[in-house]
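Colleague: Got a predicted structure plus its sequence, pasted below:
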Amino acid sequence: MADSIGPAQASNNLLNFTQTRQTQTTQLSAVVNGDKIEIGFSSVSTEETIRIVTEKSLEKLLAVVNDARAELGIPVGQAIDTSPEATADRIVDFALGAFSRFQDNHPELEGQDARQAFSEFIFGAIEQGIQEARDILTALNALDEGTNTVIDNISQIIQSRLNEFVTGG
């Protein structure tokens, strides 16, 4: 078996094969270190499996949040204003950052016509993102009336800011 794994793959590879039963998971693992392969079975409880999956999911979510913070220029550890106004402002500011690229791709549009076309395009994309967020929250049973109202408020503020952009206000 070690002969079929190249030297680059052999270092610190971990292969896991898992079979789930009602209350316990039996795990077959093969750890490859250099020329040595260790194969063994271990039992992992359902609770432990859920804990591991939850920890890994939270690690990935934290990475996404940290990437978003970096993209928005918000230092790690700094409090984020999550009010509808501040959230809408961040979304619009980020979206408006793409206007010059839109103009580059549409040289036939100028002035208010360019701003109107961009606003319609970008608001459609934002609305799609809002709907996808609602779908995710619904799937998680986390979309209650209050949250839905906040999302509607954010959408209205975004539309208002984009209207101001179109009119040059």
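Modeller: Great, that's in hand.

Colleague: From here on, just use CA atoms for contacts and neighbour counts.
Modeller: Noted.

Colleague: Low-confidence bits of this protein, can you list those?
Modeller: Along the chain, segments meeting pLDDT under 70 span 1-45, 169.

Colleague: Going along the chain, name the strands of it.
Modeller: Listed in chain order, the strands of the chain (DSSP state E) span 13-20, 24-33, 36-45.

Colleague: Walk me through the domains of the protein.
Modeller: Domain assignment for the chain by automatic domain parsing gives 2-45, 81-167.

Colleague: distance between stretch 64-79 and the chain's centre?
Modeller: 13 Å (Cα atoms, centre = their mean, to the nearest Å).

Colleague: Tell me the buried residues in it?
Modeller: Neighbour-count burial for stretch 64-79, counted by 16 or more other Cα atoms under 10 Å, picks out Asn66, Arg69.

Colleague: which residues sit against it?
Modeller: With Cα atoms under 8 Å, 6 or more residues apart in numbering as the test, stretch 64-79 has contacts from Ile80, Arg90, Phe94.

Colleague: Buried subset of those residues as a ChimeraX selection?
Modeller: A single ChimeraX command selects the buried members of the contacts of stretch 64-79 (16+ other Cα under 10 Å):
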select :90
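
Colleague: out of the contacts of stretch 64-79, who's nearest Ser57?
Modeller: Ile80 (21.8 Å; Cα to Cα).

Colleague: quick one: the closest one from Thr87, how far?
Modeller: Distance of Ile80 to Thr87, given as Cα to Cα, to the nearest Å: 9 Å.

Colleague: can you check Ile52 too?
Modeller: 32 Å.

Colleague: Those two: which has the busier surroundings?
Modeller: Thr87 (18 against 12; other Cα atoms under 10 Å).

Colleague: residues contacting that one?
Modeller: Thr87 neighbours (Cα under 8 Å, 6+ apart): Asp81, Ile154.

Colleague: Equivalent analysis for the one 5 residues further on, please.
Modeller: The neighbourhood of Val92, defined by Cα under 8 Å, 6+ apart, consists of Ile158, Arg161, Leu162.

Colleague: What about Leu96, how many residues nearby?
Modeller: A count of neighbours around Leu96, defined by other Cα under 10 Å, yields 18.

Colleague: For Glu108, see how far away Glu59 is.
Modeller: The gap separating Glu59 from Glu108 is 46 Å, by Cα to Cα.

Colleague: Ala86 now?
Modeller: The value you get for Ala86 to Glu108, if Cα to Cα is used, is 34 Å.

Colleague: Same check on Asp89?
Modeller: 29 Å.

Colleague: the more surrounded of the two?
Modeller: More crowded of Asp89 and Glu108, by other Cα under 10 Å: Asp89, with 16 against 9.
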